[in-house]
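**Q** can you look at this prediction? I've put the sequence above it.
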Amino acid sequence: MARRKANEELSAVESLNIALQTITIFHGYVQQADTKLATTATVHLGFTAVAATQVGSLGNAWTNGLPMAAAAVIIVLLFTAGFLLAGHHLIAALRPRLAGPAGPNRFGLVRTGEVPSQADPAKQQREAWALISTLADIALHKHNRIRRSLPWMILMPISTMVWLALATLTG
């Protein structure tokens, strides 16, 4: 294969091939975000399951005096806030985004009535880069929502551990 001169431009077909390879890379970024989302949602549900096993000990809080009852209410509120806010961000990351690139695009989801015409490699390249931009937006949105869920999710095991410690101390 002959080496290209530094100032020599790529052909339209070569540029299209690069764009198509880039689509594959950015599709991988979306898949990575989906895998992180699945893992984070599983941890979220796991924390909920652990807390659910301790619901019975909440009744003891009311019989151990006002300080213990107040602590139980605060702990339940913290857990609930963590559960709801982390869950909100995880659901927002999971929600499908079907807008796609503007106009007909042979590389993305085709809307009804928008069939891409036969096009030269340069037009196909523009369509590919439009899809790459959409995939980048999707991956970024998912990663941002996962990141936003983490501080709230941390409240869940912390509040559960504090509750377990208080329940153990009060019998």
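**A** Received the coordinates, thanks. Residues are numbered from 1 along each chain as shown.
**Q** where does this protein have low pLDDT?
**A** 1-7, 110-117, 171 (pLDDT under 70).
**Q** which element is Ile154 on?
**A** In this assignment (DSSP states H and E), Ile154 forms part of helix 121-170.
**Q** off-centre distance for that helix?
**A** With C-alpha atoms, centre = their mean, to the nearest Å as the basis, helix 121-170 stands 4 Å off its chain's centre.
**Q** same check, this time on stretch 69-77
**A** Chain-centre distance of stretch 69-77: 30 Å, with C-alpha atoms, centre = their mean.
**Q** quick one on the thing from earlier: against which helices or strands is the helix holding Ile154 packed?
**A** Helices and strands touching helix 121-170, by 3 or more C-beta pairs under 8 Å, 6 or more residues apart in numbering; DSSP states H and E, are helix 12-52, helix 58-63, helix 66-94. Any C-beta I mention is one placed from the backbone N, CA and C, and that applies to glycine too.
**Q** neighbours of the residue nearest to Trp163 when sequence neighbours are not counted, just the number please.
**A** Spatially, and ignoring its direct neighbours in sequence, Trp163 is nearest to Ile75 (4.8 Å; C-beta to C-beta, 6 or more residues apart in numbering). Residues within reach of Ile75, counting by other C-beta atoms under 10 Å, total 24.
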